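Trainee: okay, predicted coordinates and the sequence, questions at the end:
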Amino acid sequence: MQPSALDKPDAAAFAWARFRRILGWMAVGTAIFIALAIWALEMAYGPLSWVAILAVIGGGGGSIMLGAVLMGLSFFSSGTGHDEAVERFDG
């Protein structure tokens, strides 16, 4: 069975660095979204309680980051050859 790219330390370091970089940019985008969402809610409803602000952060930010992590992991496994390794093992 042919090893995947993550079995090589240099390739693994590159793949994990790329994954962290993508998640970092998604975190920046999520923070901008949260700030805009809180601002829009305050314009529509007036001052928000800390519970409402935490709900926006947890609901909106948590959903976006969860989606980013799961999509990032699917691209990560595909880009490093893990998907092909499973096909070779099953086949």
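Mentor: Arrived safely. Values in this document were obtained by computation on a predicted structure and should not be read as measured data. Numbering: from 1, shown residues only.
Trainee: any buried residues in the helix or strand that contains residue 55, and which?
Mentor: Element membership for residue 55 (DSSP states H and E) is helix 50-56. Buried residues in helix 50-56, counted by 16 or more other CB atoms under 10 Å: residue 56. For the C-beta atoms, the positions are set from N, CA and C on the backbone; glycine is no exception.
Trainee: what helices and strands are in contact with that helix?
Mentor: Counting contacts by 3 or more CB pairs under 8 Å, 6 or more residues apart in numbering; DSSP states H and E, helix 50-56 is packed against helix 9-45.
Trainee: quick one on the thing from earlier: residues making contact with the helix holding residue 55?
Mentor: The set of residues external to helix 50-56 that reach it, using CB atoms under 8 Å, 6 or more residues apart in numbering, is 34, 37-38, 41, 48.
Trainee: low-confidence stretches in this structure?
Mentor: Confidence mapping of the chain against pLDDT under 70 gives the ranges 1-6, 82-91.
Trainee: in TSV, list the contacts of helix 50-56 along with distance to residue 64.
Mentor: As requested, the contacts of helix 50-56 are exported to TSV (distance: CB to CB, whole Å):
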residue	distance to residue 64
34	9
37	11
38	14
41	16
48	19
